[in-house]
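*Asks:* would you be able to build a 3D model of this:
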Amino acid sequence: MESTGTSLLQLPVRMHGIQLGRPIDLLLDLETWHVLGFVVLCGDESLRFLPFAASNVAADEIAVQSALMLLDDVAFYEKRGRSFRSLLGGAVGAHGSLVDIRVERGGDATDLEVAGDDRRSWIPAAGETVLCTRASAA
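*Replies:* Got it, this is the predicted structure:
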């Protein structure tokens, strides 16, 4: 199943149907354009990191098999990835500004949606650089 970065941020994180929290950001490896995981705001108001590989993204939820997959040290993971939300609105070469990303089932961000000259278009992510616009949401 293919998703967009913004649509992933709208899904609840659930374990066996019980909502554990909501993602507030994605962390990306910009060299490989791979989603490392989610920054999740949990029901107890704490922030935790959910590795993408430990989740199962469906149309209506991000499912986990165990709450133990939600890791405490978000700052550790933020140092190893770039915040998706911090990239939104950032310049993508001469193409325009970043609006969204297309994410494949395995976590690869394959395409970037850019806005420029009163139009939006999708371009391949490979080889592109996006300028960071703001700090992480976490």
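*Asks:* please point out which parts of stretch 21-39 sit buried.
*Replies:* Neighbour-count burial for stretch 21-39, counted by 16 or more other C-beta atoms under 10 Å, picks out 21-28, 33-39. For the C-beta atoms, the positions are set from N, CA and C on the backbone; glycine is no exception.
*Asks:* identify the farthest-apart pair in the residues you listed.
*Replies:* Using C-beta to C-beta, the pair of the buried residues of stretch 21-39 lying farthest apart is G21 and W33, separated by 25.4 Å.
*Asks:* surely P12 meets A63?
*Replies:* No - applying C-beta atoms under 8 Å as the test, P12 and A63 come out as separate, 9.6 Å apart.
*Asks:* show me the protein divided up by domain.
*Replies:* According to automatic domain parsing, the chain comprises the domains 3-83, 84-124.
*Asks:* now the longest one, how far from the chain's geometric center?
*Replies:* Taking the mean of its C-alpha atoms, domain 3-83 sits 8 Å from the chain's own mean (C-alpha atoms, centre = their mean, to the nearest Å).
*Asks:* got the end-to-end distance for that domain?
*Replies:* 17 Å (C-alpha to C-alpha, to the nearest Å).
*Asks:* go on, stretch 40-51?
*Replies:* 10 Å.
*Asks:* any idea of the mean pLDDT in it?
*Replies:* What stretch 40-51 shows for mean pLDDT is 96.
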